[in-house]
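1. whatever this is, show me its structure:
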Amino acid sequence: MSANATPANVIAGILLAAVALPTPATASEWGCEVLLCASSSNPSWRGVPACHPPMNRLISAMKKPGFDWPICPEGGTREPGYQRYAECPEGYQVGSSRDRNGFAREGDLCVKTVNVCQDNTHGLYNFDRQRSCIQTVSMSRPLRSEPYFFDIKNDTSGQTERHWFELHK
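-> Sure, this is the predicted structure:
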C-alpha cells in the first residue's frame with residue numbers, strides 16, 4: 001500500500017474492481033464485499049460510500065428467515081464471530097446474574113470481592129466482623145460497540161488479526 005493510500009481508498013478500489021469484472025455476480029462476491037467493508041476500521045464501513053449497498057443488503061437479509069451469512073472463500077473466513085460483552089475492568093472477573101426464574105444469564109456482570117472495612121489498623125475485629133467486611137460487588141458488564149468480528153490471517157506476518165465491526169443502519 002502506498003503512503004497516500006487510505007484504507008477507505010484501498011477498499012473502494014477493490015470494490016470497484018470487483019464490480020467492473022466481466023464475470024457474473026456470485027454469492028461469494030457479495031461475501032467478499034462484506035468482508036472488505038466489515039474489516040475497514042479507519043474509517044469504518046459507514047465512512048466508505050461503496051460499502052453502504054453491500055452492508056445495507058446484509059443488514060436487511062439478516063432479518064429474513066433462513067438467513068445464511070455470505071462468505072468469502074478467497075478471504076479465508078467463514079461467518080463472523082460475535083461477542084456481546086466487552087472485557088471487565090481490571091480487578092473484576094466475569095459473573096452472571098440470575099433471571100426471575102433463577103437461571104443464570106450469560107456472563108452479564110463484572111464482579112470482585114472487596115474488604116469494605118477500610119481501617120483495620122487495631123486488629124480488634126473478631127472472626128464474624130472480619131467475615132462481614134468481605135463483600136462481593138458487581139457492575140453490569142459493558143456492551144461492545146462493535147460486537148461482530150472477523151479473524152483474518154495476515155499473509156505477510158502470518159499473524160491472525162481480529163477486525164471488529166457493528167451492523168446498525
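2. can we go C-alpha only for contacts and neighbour counts from here?
-> Noted.
3. residue contacts, the most centrally placed residue in the chain?
-> Nearest to the centroid of the C-alpha atoms of the chain, with distances taken as C-alpha atoms, centre = their mean, sits Pro147, at 2.8 Å. Going by C-alpha atoms under 8 Å, 6 or more residues apart in numbering, Pro147 touches 82-85, 164-166.
4. mind checking how far it is from Gln83?
-> 5 Å (C-alpha to C-alpha, to the nearest Å).
5. same deal with Pro53?
-> Using C-alpha to C-alpha, one obtains 25 Å as the distance from Pro53 to Gln83.
6. Tyr148 too?
-> As it turns out, when the distance is counted by C-alpha to C-alpha, Tyr148 lies 6 Å from Gln83.
7. what segments of this protein are strands?
-> Residue ranges of the strands in the chain, as given by DSSP state E, are 81-82, 93-95, 109-115, 134-140, 148-153, 160-165.
8. ok now the first one, how far from the chain's centre?
-> This points to strand 81-82. Averaging C-alpha positions (C-alpha atoms, centre = their mean, to the nearest Å) puts strand 81-82 6 Å from its chain's average.
9. tell me which strands it pairs with, and in which orientation.
-> Based on DSSP bridges, the strands next to strand 81-82 in the sheet, each with its direction, are strand 148-153 (antiparallel).
10. list the buried residues for the partner strand?
-> Neighbour counts using 16 or more other C-alpha atoms under 10 Å place 148-152 of strand 148-153 among the buried residues.
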